[in-house]
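Participant: here are the coordinates; sequence isn't available:
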């Protein structure tokens, strides 16, 4: 678990040795290191100021990029009510396969992407990815057969030509404004670049290690907390895969025409934004409620799923489909739980990979639970999503119980054995797992 150390107490040798091949901050980190300790209060103030500046400039870029990515992934759902199913003869499970193919490609390219992000300048790599994404999107307009769409979905996903052009223009914006490192950030002054690099140095926890430790792999695959988080991710991702593929078809089944379906998707986005912002605020404002908030989001989506399946009228079913999306606000919670509750560089990396596998598996499974023969009600599909939300609710509550119990056990152990605290005094800045560091406390 990271600890905060004042810079005047740190010996110069405590800083990690810079990779000789790295270009990041060669000059800036040297200049910044000479400033550490001169005025700790002033340095802290400058650090907060540069952080606000970075957030102000980077967050809009990331927000628009993710918005376009979300629209791109949703485009098959939008196209489903515009005749793509009939035009491309997507009978039986073909439509579901076109949705799932995206996540097969997602999974297949994850390792090369991770490798390239390390080896290449990050800003330029992301810009090139956005450009390639846009080109593939535009090419989808020429698809005329099911095999062609299946191949295209593997590389990205169906999109109207206008979405592809918007993303193409945005890639140019990223090329201009998205930096690779603090050293070449256009929006930072020379002093702010030094302060940004110093933030990286001061925040070093010593956990990153280039050695892949198999004992940490064995620990993570047997860690009940990680397995519970993986189950939570899976049971959230199954409804996500179904919803992003079939929600427009379900809404059209309520009796709405094409234009009405598009318009009625807008409140759904607003509701999702409300839950996402609200849950994020509550998690950051009040400690000890992440699992409770995650369980509540599951219950809200469970209620929505039941309303869609058993609602007595069109209005109740539509409202159920709107609040169904509350579960999506739980994705950041599950990711933050991994970041906060898993220590050890190899263990954290493997845990993140396990969460990613659960995410892709769920999104692959989800569309196949909505059987074409049950359209437009898809009763079996919504029964499956209801069960998933019930399981995810119980998973969060069980996880909360296990984390609280483990924290209490460690508190009692350190109270009865004072040497246990002393012996683990510096483990939080080493590549040691949370299981072996008795000073580590889990966030719930």
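Facilitator: Everything's here; your move. All figures in this text were calculated on a predicted structure; none of them were measured in a lab. Numbering: from 1, shown residues only.
Participant: Return the backbone torsion pair for residue 436.
Facilitator: phi -90, psi -10 (degrees, to the nearest 10).
Participant: Report pLDDT for it.
Facilitator: Residue 436 carries a pLDDT value of 81.
Participant: Distance of residue 364 relative to residue 215?
Facilitator: Here residue 364 is placed at a distance of 31 Å from residue 215 (Cβ to Cβ, to the nearest Å). Heads up, the C-betas are built off the backbone N, CA and C, glycines and all.
Participant: helices and strands around the longest helix along the chain, which ones?
Facilitator: Assignment by DSSP state H gives helix 40-79 as the longest helix of the chain. Applying 3 or more Cβ pairs under 8 Å, 6 or more residues apart in numbering; DSSP states H and E, one finds that helix 40-79 contacts helix 94-108, helix 122-139, helix 161-177, helix 190-202, helix 224-253.
Participant: More neighbours: residue 364 and residue 215, which one.
Facilitator: residue 364 (22 against 12; other Cβ atoms under 10 Å).
Participant: can you pull the contacts of the more buried one?
Facilitator: Counting by Cβ atoms under 8 Å, 6 or more residues apart in numbering, residue 364 touches 100, 103-104, 241.
Participant: again, but for residue 380
Facilitator: Applying Cβ under 8 Å, 6+ apart, the residues near residue 380 are 369-371, 374.
Participant: In ChimeraX, how would I select just the buried ones from the residues you listed?
Facilitator: Typed into ChimeraX, the line below selects the buried ones among those, using 16 or more other Cβ atoms under 10 Å:
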select :369,370
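Participant: Please indicate which of the contacts of residue 364 has the highest neighbour count?
Facilitator: Within the contacts of residue 364, most neighbours by other Cβ under 10 Å means residue 241, with 26 neighbours.
Participant: can you count the residues close to the residue nearest to that residue when sequence neighbours are not counted?
Facilitator: By the measure of Cβ to Cβ, 6 or more residues apart in numbering, the closest residue to residue 241 outside its immediate chain neighbours is residue 366, 2.6 Å from it. Neighbour count for residue 366, taken as other Cβ under 10 Å: 27.
Participant: so residue 366 touches residue 235, yeah?
Facilitator: No. Residue 366 is not in contact with residue 235 according to Cβ atoms under 8 Å; the separation is 10.6 Å.
Participant: which element is the closest residue to residue 299 other than its chain neighbours on?
Facilitator: Excluding the flanking residues, the one nearest residue 299 by Cβ to Cβ, 6+ apart is residue 393, at 5.6 Å. Secondary structure from DSSP states H and E places residue 393 in helix 379-416.
Participant: Report the buried residues of that helix.
Facilitator: Residues of helix 379-416 classed as buried by neighbour count (16+ other Cβ under 10 Å): 381-382, 384-389, 391-396, 398-400, 403, 406, 410, 414.
Participant: Please apply the same query to stretch 306-326.
Facilitator: Neighbour-count burial for stretch 306-326, with 16+ other Cβ under 10 Å as criterion, is recorded at 306-309, 311, 317-326.
Participant: that older thread, and which of the contacts of residue 380 is nearest to residue 47?
Facilitator: Nearest to residue 47, judged by Cβ to Cβ, of those is residue 369 at 48.6 Å.
Participant: tell me the contacts of the closest one?
Facilitator: By Cβ under 8 Å, 6+ apart, the contact list for residue 369 reads 238, 242, 380-381, 384-385.
Participant: Distance-wise, check it relative to residue 238.
Facilitator: Taking Cβ to Cβ, one finds residue 369 at 7 Å from residue 238.
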